[in-house]
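[1] Predicted structure and sequence below. I'll ask about it afterward.
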Amino acid sequence: MASKAKTSQLAWGVSAVAYALIAYWLFSFPPSIPSDDAYFFTLGVERFSVLEFRPHFPAYPGFIAFGKLLHFFGLTPKEATFYLSLIGAISLPPLAAWTANAYGASKSGVLLAFWATLTQPFLPLVGLSMLSDSTGIAFILLGLGLLAKSYYKGAGIIVGLALACRPSFVVVVAAMIIASLFQERKQAFPLVISSIVTIALIFGWVILWEGEALFYEAWRFTEGHFMIWGNTSMVAEAERPGWVAGLSQEKTVAATLLALILGIIISIFRSEIKSPLFITTLAAILWTVLAQNPENLRHFLLPSILISLYLIRGGRVILMGVTLVQGAILVSSITLILPPSPLEQATNVLKRETGKLIVSNYGVTYLRNNLPQLSIADSYYRHNASSLIQSGRHQHSIKIFSSSWQSPQETDLKTFKARVIGEKFISMQSIK
Amino acid sequence: MRFIAILLLTFFVSGQAQAYSYAAAGKEPLIDAREAIFKAINDSDYGAAQTALDTVAKEIDYLDTNLDKGIKQNLSDAISAKDAKAVSAALHRVFAAEISHRLSAGAKHLDDYQLAKVLVVKSKRFFDSMAGNLSGVQREAAEKGLRQCLVAIGNPGVFGVGQKPADPEAYQKAMSAVLAALGK
């Protein structure tokens, strides 16, 4: 008995050291903006106005409010957004362990949940992204745990906060609430009312602040994301990257994801499939696959963590194997060089250039606002960009290219590598 | 069955992706036609350029009648002459007129904060789609003007908190700065 307790203590001691090392590594990166969306968040922390892309729709009011809180305590908008996203990411392993405990996992199961989350290959990516995924996932885990502990009112408030941070989790949260209602109908009232009140208070404030103009932006965004530029499964154009292309550069990570999905298929036959955890997990998988952009691999973090939690009961052997492989992938990806984001590195290099045309498929707003001496064309309007290059108005043109699923070319002028697994590299190509 | 097919397609369909841009405009006839015209002139297919122009005949007519007389003829002539540079310049003129149209409408509706804000924001979408054709200096000046337009429309605040009245004079000045940067 005593030796069992000692082994457990030792295991948690090792876990705490590993956790501290990974947290130290991530917190050592300098705050730097990796994408336009992150840039929009920093603008939102400075001054909130959705129509002006401070931040972009759907407003992320919870995330901005937390960011403003950190800003109030003296951090710059950039630091506030960076550390908020990082704190959210680093809170996920202990939160996953707590949620597993709430679902009645054994001591070893709780430890496994901790490690399965800590070794998630896209955890560093989400941490450094300066986006709201990590805070949204943190609240989802907290909400699931509270549901398992039958704190329905608290769970309602927490899932409301999850949506306030990450509104695109709406389908996942809806599935979570509906599944809970089927399990415990008597608790429908406190759960539904507390979540609706939280959501109504937060988004009601946004509507009051922005006015009916918000609905114009909502339509533009929703139509754009699903039908025009979002690369979702609803985009009619056949030319869009699927998830296989999205994961083609991360083959080992893709293998672990596949193993997790296989694990959940096998475990369906052994576990309770009507549980809120299972329904939420299923919703997260389908929502990610169908409605998220395969260019952004960080979207896999939520379904991967939820599958891991589910497998603790029904597929522990698979989860242990996956966690070991994930751990090896993560450790091999750690470097002691801690550069700024590829976007900031590219911007710093371009600050020395004058009179050139830059054609970029990435970070156009950030580049335009930080490089006032250069003409910058958005390659989203690719025919306009080609005509500009052909016009010969500029002696020299540079193409900025970013992708998570294509490789840099040998002919590139410069390549700014991804800092962590799943991040998009940026390359500069000379156009004559 | 159909659902499974969609799911599989979602995984496997792939190709050359365009940029992903939250900042891109939604479906906007003038912006779409502009792209189609640039595609046509890049391919030296001036028939297709005329066809693309025809899709926005109504919008161009309106700008020609109300904002910039001769703009329609200018664009048609450039396409007929198969002059890529002239087409590009004529498109610039069309977009400057469209931005002027939205900003002038904003000036007339400074008493309606919501409408004025949508008009300024919408003019920014047109601006963003053409900003690649501007020098850095022009772009910076126009963006600064657009930011000042937004400040000048004021803010009704929430229940009076953060309330700021509109400043028509500052708005006019900011609008003129935007149009000057666009060469109008």
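    It's in.
[2] C-alpha from now on. contacts and neighbour counts both.
    Will do.
[3] Give me the distance between the most centrally placed residue in chain A and A:Gly156.
    Nearest residue to the geometric centre of chain A (CA atoms, centre = their mean): A:Asp133, 3.8 Å. Using CA to CA, to the nearest Å, we find A:Asp133 at a distance of 19 Å from A:Gly156.
[4] A:Tyr381 now?
    From A:Tyr381 across to A:Gly156, the span is 43 Å (CA to CA).
[5] cool, and A:Pro190?
    Counting by CA to CA, the gap from A:Pro190 to A:Gly156 is 7 Å.
[6] Tell me which of these two has more neighbours.
    A:Gly156 (26 against 17; other CA atoms under 10 Å in any protein chain shown).
[7] isn't there a strand covering the more buried one?
    No: with DSSP: H, G, I helix; E, B strand; the rest coil as the criterion, A:Gly156 is helix rather than part of a strand.
[8] pretty sure B:Val94 is in contact with B:Ile71, am I right?
    Yes: contact criterion CA atoms under 8 Å: B:Val94 and B:Ile71 qualify, at 6.8 Å.
[9] Show me which of those two is the more surrounded one.
    A count of neighbours by other CA under 10 Å puts B:Val94 above the other of B:Val94 and B:Ile71, at 24 against 20.
[10] if I pick the more buried one, what's in contact with it?
    By CA atoms under 8 Å, 6 or more residues apart in numbering or on different chains, the contact set of B:Val94 is B:60, B:63, B:71.
[11] all strands for the stretch 201-350 of chain A, in order.
    For the stretch 201-350 of chain A, applying DSSP state E, counting those that start in this stretch gives no strands.
[12] I meant chain B, not that one.
    Under the criterion DSSP state E, strands are not mapped anywhere in chain B.
[13] Where does pLDDT dip in it?
    Filtered on pLDDT under 70, chain B yields the residue ranges B:1-27.
[14] what residue lies at the spatial centre of it?
    Of all residues in chain B, the one closest to the mean position by CA atoms, centre = their mean is B:Phe126, 1.4 Å from it.
[15] Would you mind giving the domain segments of chain A?
    Following automatic domain parsing, one finds the domains of chain A at A:2-333, A:342-431.
[16] Would you convert these into TSV that also reports mean pLDDT and distance to B:Lys108?
    TSV is the format used below for the domains of chain A (pLDDT from 0 to 100; distance: least, CA to CA, whole Å):
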stretch	mean pLDDT	distance to B:Lys108
domain A:2-333	89	17
domain A:342-431	90	29
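[17] got a markdown table for those, with distance to chain B too?
    Shown next, in a markdown table, are these (distance: least, CA to the nearest CA, whole Å):
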| stretch | distance to chain B |
| --- | --- |
| domain A:2-333 | 4 |
| domain A:342-431 | 4 |
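[18] May I see the ones you listed arranged in JSON lines, with distance to B:Gln163 as well?
    JSON lines is the format used below for the domains of chain A (distance: least, CA to CA, whole Å):
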{"stretch": "domain A:2-333", "distance to B:Gln163": "11"}
{"stretch": "domain A:342-431", "distance to B:Gln163": "28"}
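[19] between these, which one is nearest to B:Ala90?
    Proximity to B:Ala90 (CA to CA) singles out domain A:342-431 among the domains of chain A, at 13.6 Å.
[20] can you tell me the distance between the two ends of that closest one?
    Start-to-end span of domain A:342-431 (CA to CA) is 20 Å.
[21] Check the contact between A:Pro167 and A:Pro61; I expect there is one.
    No: counting by CA under 8 Å, A:Pro167 does not reach A:Pro61; the two are 9.1 Å apart.
[22] Mind checking which of these two has more residues around it?
    The neighbour count for A:Pro167 versus A:Pro61, taken as other CA under 10 Å, is higher for A:Pro61 (25 against 22).
[23] out of everything not next to it in sequence, what's closest to that one?
    Nearest residue to A:Pro61, sequence neighbours excluded (CA to CA, 6 or more residues apart in numbering or on different chains): A:Ala164, at 5.5 Å.
[24] mind checking how far the host helix or strand of the one you found is from the chain centre?
    Element membership for A:Ala164 (DSSP states H and E) is helix A:152-165. Mean C-alpha position of helix A:152-165 versus that of the full chain (CA atoms, centre = their mean, to the nearest Å) differs by 19 Å.
[25] cool, and stretch A:339-359?
    25 Å.
[26] Please spell out which residues along that stretch are buried.
    Buried residues in stretch A:339-359, counted by 16 or more other CA atoms under 10 Å in any protein chain shown: A:339-347, A:350, A:356-359.
[27] who touches it?
    Defining contact as CA under 8 Å, 6+ apart, one finds that stretch A:339-359 is touched by A:29-35, A:363, A:367, A:370-371, A:373-379, A:385, A:389, A:394-400, A:416-419, A:424-426.
[28] Let's see that with 6 Å instead.
    The contact list for stretch A:339-359 (CA atoms under 6 Å, 6 or more residues apart in numbering or on different chains) reads A:32, A:34, A:374-379, A:394, A:396-399, A:416, A:426.
[29] Can you select the buried ones among those residues for me in ChimeraX?
    To isolate the buried members of the contacts of stretch A:339-359 in ChimeraX, using 16+ other CA under 10 Å:
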select /A:32,34,374,375,376,377,378,379,397,398,399,416,426
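[30] The contacts of stretch A:339-359: which two are farthest apart?
    Farthest pair in the contacts of stretch A:339-359 (CA to CA) is A:Ser32 and A:His394. Separation: 30.2 Å.
[31] Mind checking what secondary structure A:Ile398 has?
    Following three-state DSSP, A:Ile398 is assigned to strand.
[32] what's it in contact with, if anything?
    Taking CA under 6 Å, 6+ apart as the criterion, A:Ile398 is in contact with A:358, A:429-431.
[33] B:Glu35 versus A:Leu111, what's the distance?
    The gap separating A:Leu111 from B:Glu35 is 55 Å, by CA to CA.
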